[in-house]
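Participant: Please work out how this folds:
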Amino acid sequence: YWTMLAACTVGPGTVVTCARAGAEYDLSLIWALVFASVLAYTLQEGTARLTIVSGKSLGQCLRVKYRHGAKIYDTAVVCWLVGVSVFIGNTLYECNNWAGGIDAILAIPGTENTTVLRVVCCILYALAVLALLYWDKTDMLGILLGFMMMCMVALFLAVVLFMGLDIKALAFGLIPNIPEKKFDSSAEPADIIVSLVGTTSLGFNLFLGGSMAKGKKLESSQRGILFSTVSALEVSILILIVGAGTYKEPTSHHDVFSISILSGLIKEYIGEIGVFVFAVGFVAAALSSMLAVPLGAGLTVESVFSECDEERDDWEALNRDHEDVWNSAIDNKPILKVTAETENSRLIAAPSASENKTGLNDDTAHKDDEEAGSAAGEATLSSDEAKVPLKANEDGGVAMMEEGRRANKELPRPVYWAIISVMVLIATIVISLNAPRVHVILVAQVFNGCLLPFFAICLLVCLNDQQFMSASPQSTWANCFLFTSVTITMFLASNVLLQKLFGHLLSVYGVGM
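Facilitator: Sure, this is the predicted structure:
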């Protein structure tokens, strides 16, 4: 499971983003990868501990915590925000995966970027992903994809050994800094930093990792998460170093980064066999992420939109209150008494000739009186029955309550598959139309990097809720560490958002000055 998580983390976005960071900023952003990996471990360990201690995933805990708050269609607003954010973010991630998958195909020696090849490959990717998810064959891919990831580690390690490594530059790269933009075609440094954080510490992994942790022990989960995080960090740093091998000093002309530049460097040191291994590993990384992203989105939406046990208990408690009120009314029988007295008065006031004509005696009149009262009572009860989900008699009321102990309402399977299918369809269409793939990857990573603080705050709130963590409360040092990580991530995300919203205006104002 944790090998699968590592393979999902090192997707095509990781390859492109890390290589681009090295190509455009040399080794100065290695610190961002280290920070992102520490953040990833902290968040994934926290969500695993939350799941193991409480028995609920992060999405389920949010559903329980805010079940009495503001709701839309019986679902808390917070759950709607999580579900919509994950759907949009993972749809962008899926476009990112398709873009990387096509770049992986084009990295194979001898292939050309034609419309037919691009469209056919996108359709084949879509069919493969939907088939594997439908037949639930994703678990079997864990070992294979982990092996492919190790092959990529070996390949990039070999390239680094052939290239040589500047230890001094590597050491300076571990010091937090925001480098200057050296090329006009380069991405903004803040964008690259948030992208590195977003591609290493995936927000939806907080929900997917929690699902993986169910039924496991905390110690083994911590070891597994540590393994996946360290493995992903090693691969990311090696890719960044290899990308830095294409770094050039600032000149009047600089080509926009592309995978072909990285492939050319690998071919220079390893040969065409190295490019082929890189392409196959790149395809494996893309395929693993193509499967994990819609699966993670589906599981997240399912967890926040499926009814929890506590909501069912609240519903049954409400029904029990209705039953108590109803039984109290049955015991007192005020309605039947009034109706019977009314009917008796009517019968007593009837002419005696009519009694003689029909041959009614006192017993018969009394019997009719009871029947009339019972009928009137049933009519009155039927109106109450519309208000309370109980039958109009004592025995029926108890029977109705037994039937009311229903199973939890879950997200309908057609909705679950619609979410997955729509994400795959959008990614297929966007990349088939030849959208700029490097920009698609950057947008996906930046957007999800900005969402990460929101998911981290949700986790922090649930970890400090005693109804979930009473058996093993969150320690003070863990809270401090997690709070610090979330604060830094919020600062980075805010920096990017302010830059996107007001950067142009500030630059124009500065020129005017």
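Participant: hey, let's count contacts and neighbours off CA atoms from now on
Facilitator: Fine.
Participant: can you list the residues that contact stretch 440-449?
Facilitator: 13, 16-17, 89, 92-93, 95-97, 99-100, 191-192, 194-199, 202-203, 493 (Cα atoms under 8 Å, 6 or more residues apart in numbering).
Participant: Weed out the non-buried ones from those.
Facilitator: Buried subset of the contacts of stretch 440-449 (neighbour count, 16 or more other Cα atoms under 10 Å): 13, 16-17, 89, 92-93, 95-97, 99-100, 191-192, 194-199, 202-203, 493.
Participant: Check whether Thr246 sits in a helix, strand or coil.
Facilitator: Secondary structure, DSSP: H, G, I helix; E, B strand; the rest coil: Thr246 is coil.
Participant: which residues does it contact?
Facilitator: Gly22, Ala23, Ile261, Leu262, Leu265.
Participant: Please list the members of these that lie in helices.
Facilitator: Gly22, Ala23, Ile261, Leu262, Leu265 (DSSP state H).
Participant: count of residues packed around the third one?
Facilitator: Going back to what we said before, that points to Ile261. Counted by other Cα atoms under 10 Å, the residues lying close to Ile261 total 18.
Participant: What confidence value was assigned to it?
Facilitator: On the pLDDT scale, Ile261 is placed at 83.
Participant: what sits against it?
Facilitator: Neighbours of Ile261 in contact, by Cα under 8 Å, 6+ apart: Thr246.
Participant: quick one, helices of the stretch 1-150 of the chain?
Facilitator: Taking DSSP state H, counting those that start in this stretch as the test, the helices found in the stretch 1-150 of the chain are 2-9, 12-25, 30-54, 58-65, 77-106, 115-134, 141-163.
Participant: which of those helices is buried the deepest?
Facilitator: With neighbours taken as mean count of other Cα atoms under 10 Å, those reach their highest mean count in helix 12-25, at a mean of 28.
Participant: Tell me the helices and strands packed up against that one.
Facilitator: Here helix 12-25 touches helix 77-106, helix 189-200, helix 218-244, helix 272-305, helix 437-463, going by 3 or more Cα pairs under 8 Å, 6 or more residues apart in numbering; DSSP states H and E.
Participant: Please report how far the residue lying closest to Val293 once chain neighbours are set aside lies from Gly203.
Facilitator: Distances taken as Cα to Cα, 6 or more residues apart in numbering place Asn90 nearest to Val293, at 5.9 Å, with adjacent residues excluded. Asn90 sits 9 Å away from Gly203, going by Cα to Cα, to the nearest Å.
Participant: Kindly report the same for Leu287.
Facilitator: From Leu287 to Gly203 the distance is 19 Å (Cα to Cα).
Participant: for Ser263, same thing?
Facilitator: Counting by Cα to Cα, the gap from Ser263 to Gly203 is 30 Å.
Participant: cool, Leu498 as well?
Facilitator: From Leu498 to Gly203 the distance is 21 Å (Cα to Cα).
Participant: do the same with Ile426
Facilitator: 20 Å.
Participant: ditto for Ala76
Facilitator: From Ala76 to Gly203 the distance is 20 Å (Cα to Cα).
Participant: rewinding a little: want to throw the helices and strands packed on helix 12-25 into CSV with distance to Ala70?
Facilitator: Formatted as CSV, those follow (distance: least, Cα to Cα, whole Å):
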stretch, distance to Ala70
helix 77-106, 6
helix 189-200, 30
helix 218-244, 34
helix 272-305, 14
helix 437-463, 16
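Participant: Tell me which of those helices is the most buried.
Facilitator: Compared across those, helix 189-200 shows the largest average neighbour count, a mean of 27 (mean count of other Cα under 10 Å).
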